[in-house]
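> Sharing a sequence plus its predicted fold:
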Amino acid sequence: MKIGEKIKKFFFGKGDLNDEMYDDLCDLLVEGDFGASLAYNTVELLKERCKKESGADLSEKLAQLLEEELQKAKHEDLFADTGKLTAILILGVNGVGKTTTAAKLSNMFNVEYNKKTILAAADTFRAAAIDQLKIHGEKLDTRVVAHKQGGDPAAVVYDALEAALSSNTDVVIADTAGRMHTKSALVEELRKIDRVVEAKASSARYMKYLVLDATTGRNAFSQAEVFHSAVKLDGVILTKYDSTAKGGVVFSLVSELKIPVAFVCTGEKYSDIEIFDPKKFVREFVGIE
Ligand SMILES: Nc1nc2c(ncn2[C@@H]2O[C@H](COP(=O)(O)OP(=O)(O)OP(=O)(O)O)[C@@H](O)[C@H]2O)c(=O)[nH]1
Ligand SMILES: [Mg+2]
């Protein structure tokens, strides 16, 4: 059962809650991938607000409170016209959906916003990764800048930026290798790409997104902690949201790390990506249609 349905069921037919019921609600939030302390604080805040207003619609009150929480870290509009090149780095551990998401974003820029993109195959680690991105490039009629397997990812990013700057391209989207966030050598490599972007396109708008697989629950939070401390993320892209009943980790990302959620992906098709909508997300999470 989806967490939204469980929360809806929990509130059904209940008037004011007693302490035991508040504890149950806290457990439900934890089950939905909230961190324990955030779940506790949220329930305490709800308690406080309900004391002031007895008989209030509890799920609406909870939704309001959670939405306020999500507004604390806002993602800037990636599609706003800046007149500058936008450089996007897609990061994340193995298999979370980085390459697919890079292609989806490219498609979104091309089709919905009429912007020209270049895809950079900065995952030089895996043999099939470069071909995988090239296939996307062909399908999307988008240029892919690639080197050979084993090459320097930072050099690929450099070339893609150069190609973009000399061809009136609006956006460079770099797909990177899935890395285990515990390996410091890989974090170092990331920092190198970082320095190349800063040097080659210092006037560009530079965005670093971490792709997180929604089905990995709280593990996604620890991945975000490590990547954020290494490269200072601009946002998170939540994938495979179609395959999980949860998603509460989003609240911890915003509340504890102040990282906004930028996009949510719900499938394998190019169109299965949406700009994150806090209101919609919260209402689904607490089971309000
Ligand atoms: N259901 C679902 N599947 C997804 C979504 N995003 C990606 N996938 C699938 O997840 C699998 C891995 O996707 P990739 O894009 O190759 O992931 P990656 O992070 O690039 O993987 P590595 O390069 O190996 O680290 C593929 O089968 C995708 O089709 C999503 O939003 N929903
Ligand atoms: Mg990949």
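Yes, it's here. Numbers count the residues shown, from 1 in each chain. Ligands and ions are numbered 1, 2, ... in the order given.
> Angles on the backbone of the nearest residue in space to residue 267 that is not next to it in sequence, please.
Setting aside the residues directly before and after it, residue 267 is nearest to residue 242 in space (CB to CB, 6 or more residues apart in numbering), at 5.2 Å. Backbone N, C-alpha and C define where each C-beta goes, glycine included. The phi/psi pair for residue 242 (degrees, to the nearest 10) reads phi -70, psi -20.
> Give me the number of neighbouring residues for residue 242.
For residue 242, the number of neighbouring residues by other CB atoms under 10 Å comes to 13.
> quick one, what contacts it?
265, 266, 267, 272 (CB atoms under 8 Å, 6 or more residues apart in numbering).
> which residue is nearest the centroid of this protein?
The residue lying closest to the centre of the chain (CA atoms, centre = their mean) is residue 237, at 1.8 Å.
> thought that one was touching residue 209?
Yes. Judged on CB atoms under 8 Å, residue 237 makes contact with residue 209 at a distance of 5.2 Å.
> where does the stretch 101-250 of the chain dip in pLDDT?
Applying pLDDT under 70 to the stretch 101-250 of the chain picks out residues 180-183, 185-186.
> repeat that with 90
Scanning the stretch 101-250 of the chain with the threshold set as pLDDT under 90 gives 125-127, 177-195, 197-198, 200-203, 217-218, 226-232, 242-247.
> Next one, pLDDT for residue 75 please.
On pLDDT, residue 75 comes in at 85.
> who's in contact with the closest residue to it other than its chain neighbours?
Excluding the flanking residues, the one nearest residue 75 by CB to CB, 6+ apart is residue 260, at 3.8 Å. Listed by CB under 8 Å, 6+ apart, the contact set of residue 260 reads 73, 74, 75, 234, 235, 236, 254, 276.
> which SSE is residue 9 in?
Assigned by DSSP states H and E, residue 9 falls within helix 3-11.
> count of neighbours near residue 231?
Residue 231: 17 neighbours (other CB under 10 Å).
> From what I see, it and residue 91 are in contact.
Yes. Applying CB under 8 Å, one finds residue 231 in contact with residue 91, separated by 7.2 Å.
> circling back: whichever of the contacts of residue 242 end up buried, select them in ChimeraX.
To isolate the buried members of the contacts of residue 242 in ChimeraX, using 16 or more other CB atoms under 10 Å:
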select :265,266,272
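> Which stretches in the protein count as strands?
Assigned by DSSP state E, the strands in the chain fall at 86-91, 117-122, 143-145, 171-176, 205-213, 235-239, 261-265, 273-275.
> Out of the ones you listed, the one nearest ligand 2 is which?
Proximity to ligand 2 (CB to the ion) singles out strand 171-176 among the strands of the chain, at 5.8 Å.
> And for that closest one, what's in contact with it?
Counting by CB under 8 Å, 6+ apart, 85-92, 98-99, 102, 105-106, 109, 115-123, 129, 133, 153, 156-157, 160-161, 164, 190, 193 sit against strand 171-176.
> what's the answer for stretch 36-45, then?
22-23, 25-27, 29-30, 34, 62, 65-66, 69, 251-252, 255-256.
> Kindly report the same for stretch 139-146.
The contact list for stretch 139-146 (CB under 8 Å, 6+ apart) reads 103, 106-107, 110, 117-121, 130, 133-134, 136-137, 156, 159-160, 163, 169, 270.
> Pull out the buried members of those residues.
By 16+ other CB under 10 Å, these give 103, 106-107, 110, 117-121, 130, 133, 136-137, 156, 159-160, 169, 270 as buried.
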